[in-house]
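**Q** make a model of this:
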Amino acid sequence: MAVPRRTVVGRGDGDVVRATGIRYARAARFGEPTAQPPAVGPIDATSWAPACPQPLTPQLDAVLSDPMGDLTYDEDCLRLSVTAPDGVPPGEALPVMVWIHGGSYTSAAGDAPIFDPAALVAEQRVVVVAVTYRLGLLGYLGDGPDRPANLGLLDQIEALRWVHRNVAAFGGDPANVTVFGQSAGGDAVAHLMIAEGTEGLFARVIIQSAPLGISRNRAGMNAAMAREARGIPADAPVSDVVAAQARVAAKARPYGLRATMPFGTQYGRHPLPPEDAVDRAWEQVAGRVDVLVGYNDREVALFVPAVPRLGRIFALPVLGPSVRRGLVARLTRKVYGAGAGAFAARHRRGGGRGYHYVLSWGAPGSPYAGAHCVDLPLLFGRREAWEGAGLVAGATWEQIDSAGRELRRVWGEFARTGRTTPTTRPGLVAISEI
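**A** Now for the predicted structure:
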């Protein structure tokens with residue numbers, strides 16, 4: 001595939017065309033990103049974007065089944081990939097959806113196989129842009145001018161600026177951009193709404209399973225982690241930086257539930273307002289950004305098997321299952337549900353429009369029904385990436401794809417118009433207007 005003016009050369013792939021691994025910015029280590037200048041010749045966009053260097057996540061890998069595939073890793077990772085329907089006629093302007101991946105701000109990548117947007121693109125006739133950004137110590141911990149905070153968020157803003165300037169060449173409409181993300185990606189999307197320099201870059205957001213219940217009162221934790229990180233030389237091998245991440249994250253343990261996502265956005269540091277001003281900032285932007293915000297009804301069911309002590313309690317006859325249900329429900333509401341509901345209510349108070357959802361889908365009899373990440377195989381329905389994953393074990397691919405087509409319809413309609421027709425499919429997702 002060659003886009004107009006032959007500035008980017010990608011490839012066809014069934015019902016879609018792809019232009020992958022396009023650089024949108026450059027950045028020195030611990031430095032703010034600088035936009036990539038226009039190319040003087042053709043850009044080879046036939047390789048996947050490299051992932052930001054990151055620690056292994058064996059517990060999640062076991063449930064998600066090799067989520068990173070054959071991706072390479074490179075600190076120079078500020079790249080994005082565009083997937084568009086095949087055969088878009090000249091002059092057509094399709095809705096654009098910009099994907100911000102999750103992974104606790106420490107793992108995953110825009111081009112991870114489990115995030116393949118081909119089904120969403122082909123069925124809904126949208127252009128999807130997947131963004132790879134800096135993570136962990138490289139992207140989300142800083143305490144001053146030498147090591148700024150929120151670098152990963154600044155990366156995402158540069159990517160959105162690239163989209164605004166260039167997406168029309170791929171058949172996308174720069175005036176109809178929806179930013180969507182899940183987990184830490186959903187948290188990032190929420191904060192992009194109030195970040196300096198983002199006005200006019202997107203019209204809608206979809207905030208999926210954002211841990212908004214642990215996004216406040218993090219200054220003390222951030223400071224403790226930053227003190228531990230100061231001993232890491234700026235010119236250390238990137239492998240040493242990644243290896244030090246666990247030691248730095250350990251300083252978050254005294255801070256309770258917040259320590260389950262130690263890296264993240266920091267209020268009062270560029271480009272975010274002070275913490276005592278964020279609610280007002282979200283209200284002020286509500287009238288110009290449509291919102292679809294929600295969570296899965298048993299989010300923490302994904303994480304409790306990783307706690308051995310809980311496993312012993314849950315194994316107790318009679319009492320164990322009851323304790324498990326109660327704990328999953330309480331923590332899901334505390335970390336995810338209450339924050340999503342409050343976000344929707346504040347958006348309504350600010351004069352905004354949109355929807356609140358609760359997703360409950362799961363494989364028949366699965367302990368992961370309604371769990372964190374269970375929306376991903378529905379939205380990004382690549383059979384090779386998901387078939388055999390523990391998260392969907394017990395469901396046939398036909399069941400996964402059928403539920404996925406309906407969820408992709410809801411997301412696609414919202415991206416096109418800011419409105420959607422709630423699904424009547426039982427056991428999938430409940431949607432209510434804000």
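**Q** residues contacting L120?
**A** L120 makes contact with M97, V126, V128, L379, F380, G381, R408, W411, G412, according to C-beta atoms under 8 Å, 6 or more residues apart in numbering. (Glycine included, C-beta is placed from N, CA and C.)
**Q** which SS class is the nearest residue to the second one once chain neighbours are set aside?
**A** The shortest distance from V126 to any residue that is not its chain neighbour, by C-beta to C-beta, 6 or more residues apart in numbering, is 4.7 Å, and that residue is P95. What DSSP: H, G, I helix; E, B strand; the rest coil gives for P95 is strand.
**Q** just give the number of residues close to P95.
**A** 23 (other C-beta atoms under 10 Å).
**Q** please apply the same query to A281.
**A** 17.
**Q** is G69 within a helix or a strand, and which one?
**A** If you go by DSSP states H and E, G69 is not part of any helix or strand.
**Q** go ahead and confirm it touches A112.
**A** Yes: assessed by C-beta atoms under 8 Å, G69 is found in contact with A112 at 6.8 Å.
**Q** can I assume D155 is in contact with A25?
**A** Yes: under the criterion of C-beta under 8 Å, D155 makes contact with A25 at 6.5 Å.
**Q** neighbour-wise, which of the two wins?
**A** Using other C-beta under 10 Å as the criterion, D155 and A25 rank with D155 on top: 26 against 20.
**Q** and the residue lying closest to that one once chain neighbours are set aside, which of the three is it?
**A** Residue nearest to D155 in three dimensions, not counting chain neighbours: Y133, with 3.9 Å by C-beta to C-beta, 6+ apart. Of the three states, Y133 takes coil under three-state DSSP.
**Q** list the residues that contact Y133.
**A** C52, C77, L78, I100, G110, G139, G152, D155, Q156, A159 are the contacts of Y133 under C-beta under 8 Å, 6+ apart.
**Q** out of the residues you listed, which sit inside helices?
**A** In helices, defined here by DSSP state H, the members of the contacts of Y133 are G139, G152, D155, Q156, A159.
**Q** how about the contacts of L120 in CSV, adding pLDDT?
**A** Listed next are the contacts of L120 as CSV, based on pLDDT from 0 to 100:
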residue, pLDDT
M97, 99
V126, 98
V128, 98
L379, 98
F380, 98
G381, 90
R408, 98
W411, 98
G412, 98
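**Q** look at the residue nearest to V126 and report its pLDDT.
**A** Per-residue pLDDT puts P95 at 98.
**Q** A62 too?
**A** We have a pLDDT of 80 for A62.
**Q** ditto for the one 5 residues further on
**A** Model confidence at P67, expressed as pLDDT, equals 92.
**Q** so which strand or helix has it?
**A** Here P67 is assigned to no helix or strand, by DSSP H and E.
**Q** most neighbours among the ones in helices among the contacts of Y133, which one is it?
**A** Q156 (31 neighbours).
**Q** quick check: that residue touching W99?
**A** No: with contact defined as C-beta under 8 Å, Q156 does not count as touching W99 (10.6 Å).
**Q** common neighbours of the two, please.
**A** V131.
**Q** what's the spacing between S402 and A184?
**A** Per C-beta to C-beta, to the nearest Å, S402 is found 29 Å from A184.
**Q** tell me which of those two has more neighbours.
**A** More neighbours surround A184 than the other of S402 and A184, with 27 against 14 (other C-beta under 10 Å).
**Q** I figured that one hits P262, correct?
**A** No: contact between A184 and P262 fails when scored by C-beta under 8 Å: they sit 11.2 Å apart.
**Q** returning to that earlier point: tell me the contacts of the residue nearest to V126?
**A** P95 neighbours (C-beta under 8 Å, 6+ apart): Q124, R125, V126, V127, G172, D173, N176, V177, T178, G412, A415, R416.
**Q** now T420
**A** Per C-beta under 8 Å, 6+ apart, neighbours of T420: L292, Y355, V410, W411, E413, F414, I431.
**Q** now L428
**A** Applying C-beta under 8 Å, 6+ apart, the residues near L428 are L359, S360, W361, A403, E406, L407.
**Q** for it, phi and psi?
**A** phi -110, psi -80 (degrees, to the nearest 10).
**Q** just G12 next, same as before
**A** phi -80, psi 150.
**Q** you'd agree it is up against G87?
**A** No: G12 is beyond contact range of G87, at 9.9 Å (criterion: C-beta under 8 Å).
**Q** quick one: low-confidence parts of the stretch 151-300 of the chain?
**A** The stretch 151-300 of the chain contains no residues with pLDDT under 70.
**Q** look up how far R134 lies from L78.
**A** 7 Å.
**Q** those two: which is more packed in?
**A** Between L78 and R134, L78 has the larger neighbour count (other C-beta under 10 Å), namely 28 against 24.
**Q** buried residues in the longest helix along the chain?
**A** If you go by DSSP H, the chain has its longest helix at helix 397-417. By neighbour count on 16 or more other C-beta atoms under 10 Å, the buried set for helix 397-417 is 400-401, 403-412, 414-416.
**Q** helices along the stretch 51-200 of the chain, start to end?
**A** All helices of the stretch 51-200 of the chain, identified by DSSP state H, counting those that start in this stretch, fall at 58-64, 118-124, 136-139, 151-166, 184-192.
**Q** name the residues that touch the helix or strand just after the last one?
**A** On the C-terminal side of helix 184-192, the nearest following helix or strand under DSSP H and E is strand 204-208. Applying C-beta under 8 Å, 6+ apart, the contact partners of strand 204-208 are 177-183, 185-187, 189-190, 192-193, 289-295, 340, 343, 375, 411, 414-415, 418.
**Q** please repeat the previous calculation with a cut-off of 6 Å.
**A** 178-180, 182, 186, 189-190, 289-293, 418 (C-beta atoms under 6 Å, 6 or more residues apart in numbering).
**Q** got a markdown table for those residues, with distance to Y267 too?
**A** Listed next are the contacts of strand 204-208 as a markdown table, based on distance: C-beta to C-beta, whole Å:
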| residue | distance to Y267 |
| --- | --- |
| T178 | 25 |
| V179 | 20 |
| F180 | 23 |
| Q182 | 22 |
| G186 | 17 |
| V189 | 16 |
| A190 | 12 |
| V289 | 19 |
| D290 | 24 |
| V291 | 20 |
| L292 | 24 |
| V293 | 19 |
| G418 | 28 |
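**Q** could you work out the most separated pair of those?
**A** Spanning the widest gap among the contacts of strand 204-208 are Q182 and G418, at 19.8 Å by C-beta to C-beta.
**Q** that'll do, ta.
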